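Colleague: using only what follows, build the 3D model:
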Amino acid sequence: MFRRDRIGSCAVADLFGQGDFGIRLEWGPVGARATRADVAVVVDVLSFSTSVTVAVERGMRVFPYPWKGARAQEFATARGAILAVGRLESMTYDAASAPSLSPAGLLACEPIPRLVLPSPNGSTIAATLLEGDSTVSIGCLRNAQAVADWLAPAVGAGCSVAVIAAGERWRFDDSLRPALEDHLGAGAILSALVALGYGDRFSPEAWAAAELFDVNAGRLVERLHDCVGGRELDSLGFGTDVDVAAALNASAVVPVLVDGAFQPAGGCE
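Modeller: The predicted structure is shown next:
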């Protein structure tokens with residue numbers, strides 16, 4: 001709620017933002033750029049966030065990179081890392097030996113120490129957040145409770161939190177297309193924070209995401225398969241990726257960006 005007793009330069013400057021609230025929900029790279037939260041959680045359920053979570057829990061350090069191509073290979077080589085192949089490209093390889101932006105594939109492949117994971121959505125948002133002073137972490141349905149538990153000490157100490165739902169892009173003009181799977185993934189984390197007693201710090205946008213998740217919590221697999229992103233993956237033969245992404249609280253790992261790579265979190269203070 002806009003506080004009338006705070007009308008002034010700071011309040012007016014954030015009139016169209018959520019800066020009056022300690023826990024916020026924002027969308028896409030522009031939302032990431034607009035937020036000034038102490039801790040940011042990137043949620044890109046199908047499939048960057050889920051892929052990073054699976055890879056990190058299997059012992060891999062994951063370097064995000066915005067785009068695939070020659071520069072991505074150079075980036076990987078400079079870090080002694082393996083560049084993940086495209087999801088469709090991985091179908092021409094042995095699934096056990098070709099890491100890709102496929103959560104199911106990352107569960108099956110041979111773990112490698114260092115992996116570069118190109119992604120135009122999740123990686124771009126992570127890079128944007130790094131330009132500020134936010135601690136950057138990864139959240140999804142698989143680790144929603146773990147992320148909330150990790151955030152709790154920081155929230156209790158008065159730190160601000162922004163949960164960034166990645167969304168997708170319209171092919172017509174590259175504008176943001178809000179994605180149900182990311183709204184649900186963000187809502188799962190926020191709902192867990194409500195259960196921990198922090199709902200009084202929520203923006204209305206954060207509350208709405210938590211309530212959306214609560215209404216759909218019993219039908220996550222159905223919702224993910226039936227939403228636009230899920231139908232696309234099913235049509236391409238990657239329905240198992242949707243199942244892996246829909247596995248609520250299957251992981252206790254919280255990936256955090258440290259020295260350019262996602263690795264398991266320590267404490268969040």
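Colleague: so which bits of stretch 177-191 are buried?
Modeller: 179-191 (16 or more other CB atoms under 10 Å). Using the backbone N, CA and C atoms, a C-beta is placed for each residue, glycine as well.
Colleague: just how off-centre is it within its chain?
Modeller: Offset of stretch 177-191 from its chain centre (CA atoms, centre = their mean, to the nearest Å): 9 Å.
Colleague: can you tell me which of the buried residues of stretch 177-191 are in helices?
Modeller: Among the buried residues of stretch 177-191, the members found in helices (DSSP state H) are 180, 181, 182, 183, 184, 185, 186, 187, 188, 189, 190, 191.
Colleague: which of these lies closest to residue 229?
Modeller: residue 181 (5.3 Å; CB to CB).
Colleague: quick check, pLDDT for that closest one.
Modeller: On pLDDT, residue 181 comes in at 98.
Colleague: please apply the same query to residue 97.
Modeller: 56.
Colleague: what about the helices in the stretch 151-269 of the chain?
Modeller: Applying DSSP state H, counting those that start in this stretch to the stretch 151-269 of the chain gives helices spanning 180-195, 204-216, 220-226, 228-235, 239-245.
Colleague: now distance to residue 63 too, for these, in CSV please.
Modeller: Formatted as CSV, those follow (distance: least, CB to CB, whole Å):
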stretch, distance to residue 63
helix 180-195, 22
helix 204-216, 29
helix 220-226, 27
helix 228-235, 24
helix 239-245, 21
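Colleague: tell me the most buried of these?
Modeller: Highest mean neighbour count of the helices of the stretch 151-269 of the chain: helix 180-195, a mean of 27 (counted as mean count of other CB atoms under 10 Å).
Colleague: how much space between residue 33 and residue 136?
Modeller: 13 Å (CB to CB, to the nearest Å).
Colleague: so for those two, which residue has more residues nearby?
Modeller: residue 136 (23 against 14; other CB atoms under 10 Å).
Colleague: doesn't that one belong to a helix?
Modeller: No - in this structure, residue 136 is strand, not part of a helix, as judged by DSSP: H, G, I helix; E, B strand; the rest coil.
Colleague: that one bridge partners, please.
Modeller: Using DSSP bridges, the beta-bridge partners of residue 136 come out as residue 40.
Colleague: right, and it touches residue 257 too?
Modeller: Yes - counting by CB atoms under 8 Å, residue 136 does reach residue 257; the two are 4.1 Å apart.
Colleague: what touches both of the two?
Modeller: Taking CB atoms under 8 Å, 6 or more residues apart in numbering as the criterion, residue 136 and residue 257 both touch 126, 130.
Colleague: need the buried residues of stretch 177-191 in JSON lines (columns: distance to residue 228).
Modeller: Formatted as JSON lines, the buried residues of stretch 177-191 follow (distance: CB to CB, whole Å):
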{"residue": "179", "distance to residue 228": "7"}
{"residue": "180", "distance to residue 228": "7"}
{"residue": "181", "distance to residue 228": "9"}
{"residue": "182", "distance to residue 228": "11"}
{"residue": "183", "distance to residue 228": "12"}
{"residue": "184", "distance to residue 228": "13"}
{"residue": "185", "distance to residue 228": "15"}
{"residue": "186", "distance to residue 228": "17"}
{"residue": "187", "distance to residue 228": "17"}
{"residue": "188", "distance to residue 228": "19"}
{"residue": "189", "distance to residue 228": "21"}
{"residue": "190", "distance to residue 228": "22"}
{"residue": "191", "distance to residue 228": "23"}
